[in-house]
Each structure stands twice: as C-alpha cells, then as structure tokens.
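Engineer: could you work out the structure for the sequence below:
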Amino acid sequence: MNGRPELPQLTVRAIVLGAVLSIVLASANAYLGLFAGLTVSASIPAAVISMAVLRLFRDSNILENNIVQTGASAGESLAAGVIFTLPALVILDYWQVFDYWWVTIIAGLGGLLGVLFTVPLRRSLIVEQALAFPEGKATAEVLKVGEGGSRDGVTALALAGVAGALMKLGSSGLRLWSETAAGGLFVGRGIAYVGTNLSPALLSVGYIVGPNIATVVFAGGAISWYFAIPWYSVFLAAGDPAVAPLIAGGASAVEVADQIWSAQVRYLGVGAMLVGGVWALISLRGSLLSVVRAGLASFRAGERSEVPHYERDMPMPLVLGGVVLSVVPIFFAYNAISEDFGPAVTVPMTLIMVAAAFLFSSVAAYMAGLVGSSNNPISGVTIATILLSAVLLSGLVSVTGAAAGPAAAILIGAVVACAAAIGGDNMQDLKAGYLLGATPWRQQVMQIVGVLSAVLFMAPILNLLLEAYGIGVPTERHPNPLIAPQAALMASVARGVFAGGLPWNMVIAGAVLGAAIILFDEWLGRRGAGWRAPVLAVAVGIYLPLELTVPILAGGLIAALVERANRARADAAAAESRRRIGTLMAAGLITGEAIMGILLAIPIVASGDRDVLAIAAEPLGGMPGLLALAAIAYWLYRRVTRAAAG
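Structural biologist: So this is what the prediction gives:
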C-alpha cells in the first residue's frame with residue numbers, strides 16, 4: 001500500500017472528529033477501568049465510527065479515516081495510564097480530590113513523552129523488524145474494506161462484528177454467563193487449575209499474532225499456574241499468613257490459587273519484565289541510534305523533501321526539543337505538588353522518570369507488536385517503575401512522613417504509565433498507517449492532538465466518579481466504591497517498599513527466570529530455529545491470569561491449522577484469500593466486542609449499576625459462554641478455509 005499517493009489527511013473535520021472521539025472514548029474507558037480493571041482498545045471502533053461519519057462527505061478518503069482513529073485511540077490509551085496510577089494517590093490518602101492542573105500536567109506531559117519517545121521506534125519495529133501489531137493490522141483491514149473491498153470481505157467483517165458484540169452483550173450486559181469458565185481442585189497440598197476467558201477478542205488476537213507468540217504467551221501462563229502456584233501451595237502456603245487462613249477456612253482451590261497468584265506469583269512476571277525491558281533496549285540499541293543519527297543528518301542536509309511522504313517521521317530535532325520542553329515542567333510540577341519534596345528528591349524523581357519513560361515506552365511499543373495493545377502489560381511495567389522508583393527514593397524521603405515516599409513513586413509511575421500506554425497504542429496506529437500509505441509525521445501530530453484533547457477532561461471525569469461512587473477504599477458514604485484494582489495494587493507496592501511486605505524473593509526469581517529465557521531464545525536464534533521465545537512475551541504470560549492466555553493460544557492454533565491448509569494447496573491466490581478473510585474476521589470480532597464494551601458503559605454510567613441490563617439474577621456459569629466461544633472458533637476456521645477452497 002506504500003505506493004498510495006499523498007491524499008489529504010490532517011483536515012479540519014478529521015481533527016475535530018478525532019478530538020471528540022478521543023474525549024468520549026477516554027471517558028468511557030476511565031469508568032470501565034476503575035469499575036472493572038479493564039479498558040477496551042478504541043482504534044477499530046474509532047475507524048468504524050469515522051467511516052460512518054466521513055462517508056457523508058464525498059471527498060473523504062481512507063487516510064483521513066486513519067487520522068481520525070489515530071487521534072481517538074490516543075485518548076483511550078491516556079485514560080488507561082491515568083486510572084492505573086493517579087487514583088492510588090487518593091487511596092493512599094495523599095490527595096483528597098483530583099486537582100485539575102496537576103492531573104492535566106502529569107498526564108498530558110506523560111502522554112506527550114509517549115508520542116515523542118516512539119517516533120524513532122517506528123522504522124525499527126514496523127519497517128525493519130516487521131512486527132505483527134495485530135490491532136494495527138486489523139484496523140488497516142477494516143479501513144480497506146470500508147473503502148471498497150470485496151463483498152465477501154465486508155460480509156465477513158460485519159458478521160464477525162455482530163458475533164463479537166453479541167458475546168460481549170451476553171456476558172457483560174445481560175449477564176447470561178460468566179466472563180470466564182474456570183475450575184480447580186486440591187491435589188494433596190497442591191492445586192490443579194484450568195480456566196479460560198470467553199472473549200472472542202482474545203481469540204482474535206491469538207489468530208492475528210500467530211502460533212509462535214500465542215504459544216509463548218501461554219507458556220508464561222503455564223509457568224505461573226502449572227508450576228509456581230502448585231509449588232507455592234505445597235511448600236510455602238502453610239507459612240503464609242494470607243493463604244493459610246483461606247485453606248483452614250475451607251476456601252476453594254480457585255480462591256487459594258487466585259490469592260497466591262495476586263500476592264506472590266505474578267511478581268515473577270514483574271522481575272522478568274524488568275530484565276526483558278533492559279534486554280529489549282539493548283537489542284534495539286543499534287536500530288535506535290541509527291534512526292536518530294539518520295533523522296538528524298537528514299534534517300541538517302535539508303533532505304526531507306526527497307523522502308517519500310510515507311517515510312517522513314517528525315524531525316528528530318523537534319522530537320528532542322519536545323522531550324526537553326516536557327521534562328522541565330514535570331520537574332517543577334514534582335517540586336510544587338507537595339511541600340514534602342525538595343530538590344534533593346524532585347531531581348532524582350525527574351531523572352528516574354525520564355529513564356523509565358523511555359525504557360517502558362520502548363518495551364510497550366515492542367510488546368504491542370507481539371501481542372497487541374489490548375494485552376500489553378501497562379500495569380506490569382508501571383508496577384516495575386514504581387517498584388524501582390520506591391527503592392531508589394526510599395533513602396531520600398525516609399524522613400518526610402509515611403505518605404510522601406509512596407506518593408513520590410506513584411507520581412513517577414503516573415508519567416511512565418501514560419507514556420507507555422500511549423507508546424504501545426500509537427505504534428498500532430502507525431502500523432495501520434504504514435500498511436495504508438499514510439504519512440507518519442501527520443499521524444504523530446494527530447496523536448498529540450488526541451492526547452491533549454483527552455487530558456483536558458480527565459480531572460473532571462475522575463472527580464465526578466470519586467464524588468458519585470468513591471474510589472478504592474470503602475467509606476461510610478461509599479461502602480461499595482469503584483475498586484480501581486490496578487491503582488490499588490500500585491498503592492500497595494509503593495507502600496510495601498517503604499513499610500515492608502513486598503515479595504522480593506519472587507521479583508528476584510522472576511529476574512533470574514527472565515535471564516534464563518533470554519539465553520534460551522539466543523540459543524534458538526543461533527540454531528536458526530523458526531520458533532522463538534521472546535522474553536517479554538513469556539513475561540506477559542507469567543503476569544497475566546491464565547484464563548487470558550488460553551483463548552490467545554486457541555487463536556494461534558486456529559491460525560496454524562489455516563496455514564496447514566494453505567500448505568496443502570498449491571494455489572497462492574487461495575492462500576492469500578484465506579489470510580485476508582481470516583484477518584477481517586478477527587478484526588470484526590475485536591471491533592464488535594470493543595464497540596459493545598463502550599456502548600454498555602453508557603447505561604452503566606447513567607444508572608450507576610453494572611447490572612442495569614442483567615436479565616438473570618445470577619449468571620448461568622461459564623458453560624454457555626464456553627460453548628458460544630467454541631462455536632465462534634469453529635466458524636472462524638471453517639469460514640476461512642472455505643474462502644480459499646473456491
């Protein structure tokens with residue numbers, strides 16, 4: 001698609017529509033994230049909405065629609081970075097309300113750094129390494145079909161979208177079945193567990209990323225749930241003051257496994273992410289430095305006009321200048337937010353923030369290319385940031401009071417979380433643009449527009465939710481607050497470093513495990529193996545609940561079966577038809593689930609009742625949803641293989 005001419009992209013109508021969608025989707029995701037700990041990817045829903053609106057103008061084009069979804073998805077990503085961190089300051093009782101200017105400055109500059117830090121990564125990850133970026137690829141397919149693709153493609157996309165939407169409506173709206181199907185039992189003192197999330201979007205992500213990455217992510221989950229948790233249950237549970245009472249009180253195997261995972265084992269993933277993040281930067285150092293040098297040389301030589309429009313990034317001097325101009329206000333913001341912080345603390349805070357923001361923006365971008373933005377462990381890299389920040393700052397703020405130390409770590413983590421969330425999601429948009437022949441610098445400008453549009457509304461949204469429902473901590477006025485699970489975890493990690501209680505043994509064991517995986521993957525590379533084991537993909541699986549990795553594995557296996565069918569036929573055109581229809585169906589399933597997730601937020605927010613649409617007093621367990629997901633998986637395979645048969 002890179003031969004496409006330079007069509008109008010940054011039009012006034014595209015900027016306005018992208019900004020409005022950024023605000024709307026950021027608002028919906030802020031509530032959903034605080035309410036249930038989940039956010040939905042907005043690139044594809046925004047693309048679909050954009051096509052519906054801009055179709056009213058006869059001169060609209062595919063690249064204009066791509067600009068709209070680029071801006072809209074930036075708002076959704078920024079909301080994730082904000083809700084994972086800043087509510088922790090309320091939970092720690094450091095803030096009583098969300099101050100408009102502090103939220104705007106911290107989140108806005110963090111998001112801006114996320115855009116700027118990923119500019120030099122675009123060529124390395126998208127062009128040279130050609131990572132999958134599943135949502136980006138799916139978004140491009142959606143836009144191509146909307147521009148005038150085949151009728152079969154449009155039908156496949158639409159039907160899959162309906163299927164994904166109905167699944168989401170049945171589980172999250174009507175509450176006909178649980179969102180997971182899981183079971184477990186005690187085997188002696190050990191625990192045997194099996195479970196799966198019933199999301200067609202996760203199935204689709206596995207299909208798009210393919211069998212290698214899907215298998216590796218599941219392998220990480222297996223390390224946690226089929227080795228670490230049973231081992232902990234046998235040898236350490238009896239001495240754990242949080243787990244032993246559960247067992248003595250007759251808690252189920254699933255409840256005990258969840259407690260072990262949430263309080264202990266998932267920190268293996270944190271340690272592996274720390275090592276994997278450093279290794280990712282070491283591995284990318286050559287590409288990053290060459291891109292920076294090339295950008296600076298091109299700017300000095302005045303050669304930008306000779307570069308094809310689909311290869312023009314934001315000029316490197318502008319990127320570097322933007323980073324400096326963003327960091328300086330953050331330093332003054334850190335210095336002014338609390339009287340407890342003097343320059344002796346705020347200078348190290350700023351330096352740690354810059355290093356961590358670049359490190360984890362790069363990690364998030366790389367991981368988005370492997371497993372997609374929807375499964376990018378932003379909360380995991382934020383935990384790692386807060387953990388490192390708290391350790392480094394503990395000596396500096398030990399005399400300033402109980403709340404100041406954890407708050408300092410959270411403020412660092414907030415900037416990094418916003419930068420990483422934006423960095424990972426924006427690379428999906430740039431992947432879509434690369435496939436469509438868009439101009440990168442125009443998308444990067446629109447990403448900044450999306451960030452600034454959403455951030456202006458974040459503090460009012462958070463204060464509205466805080467006033468109406470409460471956040472994190474039950475009170476007499478709000479006995480059932482929005483649980484804000486990620487922010488609560490951030491608060492406990494930051495507090496744990498200063499007050500004690502963090503499972504350092506698990507973090508260190510995870511780091512050692514990450515190093516072992518790197519060595520194994522390097523050995524595979526030297527042997528020329530087609531199957532690889534990227535450490536960050538394994539770390540994602542270790543950190544995620546097992547039930548999220550199972551449908552990803554299933555999707556990867558379906559993709560493998562489709563490729564097997566392709567190899568059995570010599571018709572190259574038929575094989576390409578299969579791949580296109582499969583990608584469109586996967587995109588449709590993601591689209592349908594994401595749009596329905598956003599639409600369901602409207603009555604939930606309006607009523608304040610997550611069960612407002614429920615038609616059953618209690619869900620009918622996971623079996624109905626499991627059968628429905630199995631039917632969708634079979635339909636996906638049969639529909640794709642039939643597409644090539646003719």
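Engineer: so where do the strands sit in the stretch 151-300 of the chain?
Structural biologist: For the stretch 151-300 of the chain, the strands defined by DSSP state E, counting those that start in this stretch occupy 180-187, 190-197.
Engineer: hey, which of those strands is tucked in deepest?
Structural biologist: strand 190-197 (a mean of 20; mean count of other CB atoms under 10 Å). Bear in mind the C-beta positions are built from the backbone N, C-alpha and C, glycine included.
Engineer: which neighbours in the sheet does that one have, and how are they oriented?
Structural biologist: Strand 190-197 has its sheet partners listed here by DSSP bridges as strand 180-187 (antiparallel).
Engineer: for the strand it pairs with, what does the pLDDT average out to?
Structural biologist: Strand 180-187 shows a mean pLDDT of 88.
Engineer: what of stretch 113-123?
Structural biologist: Mean predicted lDDT for stretch 113-123 stands at 85.
Engineer: spit out the contact partners of the closest residue in space to Ala560 that isn't next to it in sequence.
Structural biologist: Distance criterion CB to CB, 6 or more residues apart in numbering; nearest residue to Ala560, sequence neighbours excluded, is Pro211 at 4.0 Å. When contacts are counted by CB atoms under 8 Å, 6 or more residues apart in numbering, Pro211 touches 556-557, 559-560.
Engineer: between the strands of the stretch 151-300 of the chain, which gets nearest to Pro343?
Structural biologist: Closest to Pro343 of the strands of the stretch 151-300 of the chain, according to CB to CB: strand 190-197, at 47.1 Å.
Engineer: check what contacts that closest one and list those residues.
Structural biologist: 179-186, 225-226, 229-231, 233-234, 253-254, 256-257, 260, 545-548, 550-551, 554, 626, 629.
Engineer: off-centre distance for that strand?
Structural biologist: With CA atoms, centre = their mean, to the nearest Å as the basis, strand 190-197 stands 24 Å off its chain's centre.
Engineer: any idea of the mean pLDDT for it?
Structural biologist: Across strand 190-197, the average pLDDT comes to 90.
Engineer: just the CA trace of that strand, in CSV.
Structural biologist: C-alpha atoms of strand 190-197 as CSV (Å, rounded to 0.1, in the frame of the first residue of the first chain):
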residue,chain,number,x,y,z
GLY,A,190,-1.1,-28.8,45.6
ILE,A,191,-3.6,-27.1,43.3
ALA,A,192,-4.7,-28.1,39.9
TYR,A,193,-6.4,-25.2,37.9
VAL,A,194,-7.9,-24.8,34.5
GLY,A,195,-9.7,-21.8,33.1
THR,A,196,-10.3,-19.6,30.1
ASN,A,197,-11.7,-16.1,29.4
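Engineer: ok, of the contacts of strand 190-197, which come out buried?
Structural biologist: The neighbour-count criterion (16 or more other CB atoms under 10 Å) marks 179-182, 184, 225-226, 229-230, 233, 253-254, 256-257, 260, 545-548, 550-551, 554, 626, 629 among these as buried.
Engineer: now, these that are in helices?
Structural biologist: Mapping the buried ones among the contacts of strand 190-197 onto helices (DSSP state H) picks out 229-230, 233, 253-254, 256-257, 260, 546-548, 550-551, 554, 626, 629.
Engineer: what's the neighbour count on the spatially closest residue to Ile602 that is not a sequence neighbour?
Structural biologist: Excluding the flanking residues, the one nearest Ile602 by CB to CB, 6+ apart is Ala28, at 7.9 Å. By the measure other CB atoms under 10 Å, the count of residues near Ala28 is 25.
Engineer: Thr346 too?
Structural biologist: Count around Thr346 with other CB under 10 Å applied: 22.
Engineer: for it, list the residues it contacts.
Structural biologist: Contacts of Thr346 by CB under 8 Å, 6+ apart are 331, 334-335.
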